[in-house]
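> Here is a sequence with its predicted model. Questions after.
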Number of protein chains: 2
Amino acid sequence: MQREIHFENQKNRDYTIYIDELAPMHFDRKVAIITNPKVSGLHLATILEKITARERYIITVADGENYKNQQSVDWILENLFNHRFDRGSLLIAFGGGVIGDMTGYVASIFQRGIDFIQIPTTLLSQVDASVGGKTGINNSYGKNLIGAFYQPVAVYIETAFLRTLPEREFGAGVAEIVKMAVTFDAEFFQFLEKADLHRKEDLSLAIAKSVETKAKVVSEDEKEKGVRAVLNYGHTFAHVIENITGYSRYLHGEAVAIGMVMANALAVRLGLLEEKDALRIKALLEKYGLPVSFTINDPEAFYEGFFLDKKTENSAIKFILPKGIGGYEIVTSPDRSTVIALLKEFSGEA
Amino acid sequence: MQREIHFENQKNRDYTIYIDELAPMHFDRKVAIITNPKVSGLHLATILEKITARERYIITVADGENYKNQQSVDWILENLFNHRFDRGSLLIAFGGGVIGDMTGYVASIFQRGIDFIQIPTTLLSQVDASVGGKTGINNSYGKNLIGAFYQPVAVYIETAFLRTLPEREFGAGVAEIVKMAVTFDAEFFQFLEKADLHRKEDLSLAIAKSVETKAKVVSEDEKEKGVRAVLNYGHTFAHVIENITGYSRYLHGEAVAIGMVMANALAVRLGLLEEKDALRIKALLEKYGLPVSFTINDPEAFYEGFFLDKKTENSAIKFILPKGIGGYEIVTSPDRSTVIALLKEFSGEA
């Protein structure tokens, strides 16, 4: 089965997300496939069979978040100029979120913007990073501090690439799928409770539903002035957890899973979510091996951690909380005492 | 007198160009004024009197096209991060085209885009660079090869800054004004023939008219797929001249003046322009001390030079020619022999 999701954004640049199809494609222009050694070792042969071009180049950058930086961007640009890429050329991001973010950013600044295509190879990048147009790199001051809002011309999601994905990384992708269901779509959540995402059909449907939901949210609010903030459900807590654990203990999706459990507990306290629904969400996360608990040693310090987040503008903390399953409420700067009481719940003290 | 030109672009990001007004402004956010030592020595005091902010910073970069590069961008970014600029901060470009292009580019990539304001201090940047959203930097491969289409939130054009502008640079700005009139507006051209642009009222009106015309063209075609190409009238020749003369003999506007004279000669040959109108244009350029002749030593080599231009896609040369005064025609790949004959006209041979 093939699914197509048409994505319309505010900038008159529409694109389509193709799910479960990687049909042969020929491009009558210069094409560079940007990838890393790991992904290319596993899957480049498949891509080279499917994608042909008038001139085709492969550019590899080192694998991992640590290499999502200006040096890698310079390296890609150097290769493009060297091979006389021009405004009519095309870049293809072939890898996970790092490759996608970096390729998108290079595409946005090369001769003031050229076309790029996303072929995400991790579940997380398939459901999350490939939709929304956020591109960027890190620097010594933090993550994604340099970047652009820039859309691909198309996204091809091929679940076959996920067969080689480690189980933990698969789970991290599931966390983002659950996130979409909890805040936007009760029916989708019920489907996920019954589904087995290791089955191809269920997985394709879950990816399609997630991508469609995110595309809708983003098209309404590309620059995160309103509803797009809801995509940060679980993230306010997750960023503090990642910070405390030095970005090494948990994958991002795992930290988000714990963050959702914490957000749910706050939602229960504020009367937005029933305890039984919080348990349903927790059970769904556990089904995919995601962590759902975390011991907060110092609740006061954890609270201060909220203010280090770059999204915390003018010292207002914004919590995205589920309002029942399938709804959300944005709670800005709740009582400090309420939040501290919640954090103590996770400290073993309460 | 104060003029306001409302600029609407395709990205739902509108902005206003204010001419002849620099009213006091206070910004309740972090503001960085990006400038160079020359402009700041001459005019920073004026700006500091007019512009106040919750936190105000001045960042200077070295003066000139040679410094429109990644190192200067890094330097600006380093300062912004160092002073904890965030998504709500504002950049102000205070200088000529180089400062404007670079500041706009930094604004476009800093945390995926922050607000910036243009306060151009040269005639060329007032009538040309400040409108249209082209930002960028040079690298070893060429000019403006890295950049973005990114619009300012406002442009303030204050002709008082032009009092310190060298006469040659003033003329270079006039060339772009003449360009707009010849291709788009016969009435404006007639006004220019009668006007004295050293008089403040005439100058303000000419700037307003140019900016308005360019804003209209760009809003119809931000990414130069159609009518925006007309802004390159004179430029196809100018780029070759600049190349031959090593970018040192002529200011860009001066090369454009010669380029327009050459384009006009081609237009006369093709029956698009009457000889007497070509002479009127030449006379107007001469009135502001602009060069109107150039000896082409090697017509064949000059012809080859057209193909080095990055805008020459797939080996098609595009000439923007006046169709009478106030109109234009885009002539793609005219007979090689016609063009060579024209070039010989400038070699002293013909």
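All right, it came through fine. Numbers count the residues shown, from 1 in each chain, chains lettered A, B, ... in the order given.
> Quick one: distance of the longest helix seen in chain A to the chain centre.
As assigned by DSSP state H, the longest helix anywhere in chain A is helix A:200-220. Computed by CA atoms, centre = their mean, to the nearest Å, the chain-centroid distance of helix A:200-220 equals 12 Å.
> Now A:V261. Nearest residue, chain neighbours left out?
A:V292 (4.9 Å; CB to CB, 6 or more residues apart in numbering or on different chains). C-beta: built from backbone N, CA, C; applies to glycine.
> residue contacts, the residue nearest in space to the middle of chain A?
Central residue of chain A (CA atoms, centre = their mean): A:D128, 3.3 Å from the mean position. A:D128 is in contact with A:G97, A:G173, A:E176, A:S210, A:K214, counting by CB atoms under 8 Å, 6 or more residues apart in numbering or on different chains.
> One more pass at 7 Å, please.
A:E176 (CB atoms under 7 Å, 6 or more residues apart in numbering or on different chains).
> Distance of it relative to chain B?
Going from A:D128 to chain B by CB to the nearest CB, to the nearest Å gives 16 Å.
> Could you confirm whether the strand or helix carrying A:I92 reaches chain B?
Using DSSP states H and E, A:I92 sits in strand A:90-95. No: using CB under 7 Å from any CB of the partner chain, strand A:90-95 stays clear of chain B, coming no nearer than 14.3 Å.
> Check stretch A:21-35 too.
No: Stretch A:21-35 lies out of reach of chain B by CB under 7 Å from any CB, never closer than 10.1 Å.
> So for that stretch, mean pLDDT?
For stretch A:21-35, the mean pLDDT works out to 94.
> what does stretch A:173-187 give?
Stretch A:173-187 comes out at a mean pLDDT of 97.
> quick revisit: contacting residues around the longest helix of chain A?
A:1, A:3, A:5, A:7-10, A:17, A:19-20, A:126-127, A:131-133, A:157, A:159, A:176-177, A:180, A:184-185, A:188, A:192, A:195-197, A:227-228, A:230-231.
> Can you pick out the ones from the residues you listed that are in helices?
Going by DSSP H, the helices hold A:E176, A:I177, A:M180, A:F184, A:F188, A:L192 from these.
> Just give the number of residues close to the fifth one.
Read that as A:F188. 22 (other CB atoms under 10 Å in any protein chain shown).
> again, but for the third one
Other residues near A:M180 number 25, with proximity taken as other CB under 10 Å.
> And it, how far from chain B?
From A:M180 to chain B the distance is 22 Å (CB to the nearest CB).
> Please name the residues that touch A:D28.
Neighbour list for A:D28: A:R54 [criterion: CB under 7 Å, 6+ apart].
> Residue ranges in chain A under the pLDDT threshold?
A:1-2, A:6-13, A:309-315, A:349-350 (pLDDT under 70).
> Would you map the strands across it?
Secondary structure of chain A (DSSP state E): strands at A:3-7, A:15-19, A:25-35, A:51-60, A:90-95, A:115-120, A:134-139, A:142-149, A:154-157, A:318-322, A:328-332.
> Any buried residues in the second one, and which?
In terms of neighbour count (16 or more other CB atoms under 10 Å in any protein chain shown), strand A:15-19 has its buried residues at A:Y15, A:I17, A:Y18, A:I19.
> Test my guess that the second one contacts A:V155.
In this case it means A:I17. Yes: using CB atoms under 7 Å, A:I17 is in contact with A:V155, at 4.3 Å.
> any idea how chain A splits into domains?
Structural domains assigned to chain A are A:3-164, A:167-345, following automatic domain parsing.
> got those domains as a markdown table, with distance to B:V339 columns?
As requested, the domains of chain A are exported to a markdown table (distance: least, CB to CB, whole Å):
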| stretch | distance to B:V339 |
| --- | --- |
| domain A:3-164 | 23 |
| domain A:167-345 | 45 |
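> Can you check which of those gets nearest to B:G327?
Among the domains of chain A, domain A:3-164 comes nearest to B:G327, with 27.5 Å by CB to CB.
> How far away from the center of its chain is the closest one?
Counting by CA atoms, centre = their mean, domain A:3-164 comes out at 14 Å from the chain centroid.
> hmm, back to that, the strand holding A:I92 packs against which elements?
Contact here means 3 or more CB pairs under 7 Å, 6 or more residues apart in numbering or on different chains; DSSP states H and E; on that basis strand A:90-95 packs against strand A:25-35, helix A:37-50, helix A:97-109, strand A:115-120.
> Just the CA trace of it, in PDB.
The C-alpha trace of strand A:90-95 is given here as PDB (Å, rounded to 0.1, in the frame of the first residue of the first chain):
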ATOM      1  CA  LEU A  90      19.400  18.900  -5.900                       C
ATOM      2  CA  LEU A  91      20.400  17.600  -2.500                       C
ATOM      3  CA  ILE A  92      19.100  14.400  -1.000                       C
ATOM      4  CA  ALA A  93      19.300  13.900   2.700                       C
ATOM      5  CA  PHE A  94      19.800  10.200   3.400                       C
ATOM      6  CA  GLY A  95      20.000   9.400   7.100                       C
END
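> Within its sheet, name the partner strands of that strand and how each one runs.
Paired strands of strand A:90-95, with direction, are strand A:25-35 (parallel), strand A:115-120 (parallel) (DSSP bridges).
> about what we covered before: the inter-axis angle of the longest helix of chain A versus strand A:142-149?
70 degrees (axes from the mean of the first three to the mean of the last three CA atoms, to 10 degrees).
> which of the residues in helix A:200-220 are buried?
A:203-219.
> and if you look at stretch A:20-31?
A:D20, A:L22, A:F27, A:K30, A:V31.
> And for stretch A:272-284?
A:L272, A:L273, A:D277, A:A278, A:R280, A:I281, A:K282, A:L284.
> Tell me the residue of the stretch 151-300 of chain A that sits nearest chain B?
Per CB to the nearest CB, A:K223 is where the stretch 151-300 of chain A lies closest to chain B, at 7.7 Å.
> neighbours around that residue, how many?
Neighbour count for A:K223, taken as other CB under 10 Å: 14.
> what's the answer for A:V153, then?
16.
> State the distance from the residue lying closest to it once chain neighbours are set aside to B:R112.
Of all residues not flanking A:V153 in the chain, A:D115 sits nearest, at 4.7 Å (CB to CB, 6+ apart). Separation of A:D115 from B:R112 (CB to CB, to the nearest Å) stands at 19 Å.
> Looking at these two, which one has more neighbours?
B:R112 (22 against 19).
> isn't A:D221 right up against A:L231?
No: in this structure A:D221 lies outside contact range of A:L231 using CB under 7 Å: 9.6 Å.
> ok, those two, which is more surrounded?
A:L231 (23 against 16).
> ok, that one to A:E220 distance?
12 Å.
> ditto for A:V106
Separation of A:V106 from A:E220 (CB to CB): 27 Å.
> circling back to that earlier point, can you tell me which two in the buried residues of stretch A:20-31 are farthest apart?
Farthest pair in these, by CB to CB: A:D20 and A:K30, 28.1 Å.
> picking up where we left off before, which of the ones in helices among the contacts of helix A:200-220 sits closest to A:T338?
Using CB to CB, A:F184 comes nearest to A:T338 of the ones in helices among the contacts of helix A:200-220, at 25.2 Å.
> Tell me how many other residues crowd the closest one.
Neighbours of A:F184 (other CB under 10 Å): 23.
> Excluding chain neighbours, give the residue nearest to it in space.
A:T213 (5.2 Å).
> ok, back up a step: just tell me which of the domains of chain A ends up closest to B:T121.
Of all the domains of chain A, domain A:3-164 sits nearest to B:T121, with 23.8 Å by CB to CB.
> With distance to B:A263 as extra columns, can I get the helices and strands packed on strand A:90-95 in CSV?
As requested, the helices and strands packed on strand A:90-95 are arranged in CSV below (distance: least, CB to CB, whole Å):
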stretch, distance to B:A263
strand A:25-35, 30
helix A:37-50, 46
helix A:97-109, 31
strand A:115-120, 31
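> closest to A:G88 out of these?
strand A:25-35 (5.4 Å).
> Only alpha carbons, please: show the closest one as CSV.
Taking Å, rounded to 0.1, in the frame of the first residue of the first chain, the C-alpha atoms of strand A:25-35 are listed here in CSV:
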residue,chain,number,x,y,z
MET,A,25,13.7,8.1,-9.8
HIS,A,26,15.8,9.8,-12.4
PHE,A,27,16.8,13.4,-12.1
ASP,A,28,18.0,15.3,-15.1
ARG,A,29,20.3,17.5,-13.0
LYS,A,30,23.2,17.3,-10.6
VAL,A,31,22.3,15.4,-7.4
ALA,A,32,24.3,15.0,-4.2
ILE,A,33,23.3,12.4,-1.7
ILE,A,34,24.3,13.5,1.7
THR,A,35,24.7,10.6,4.2
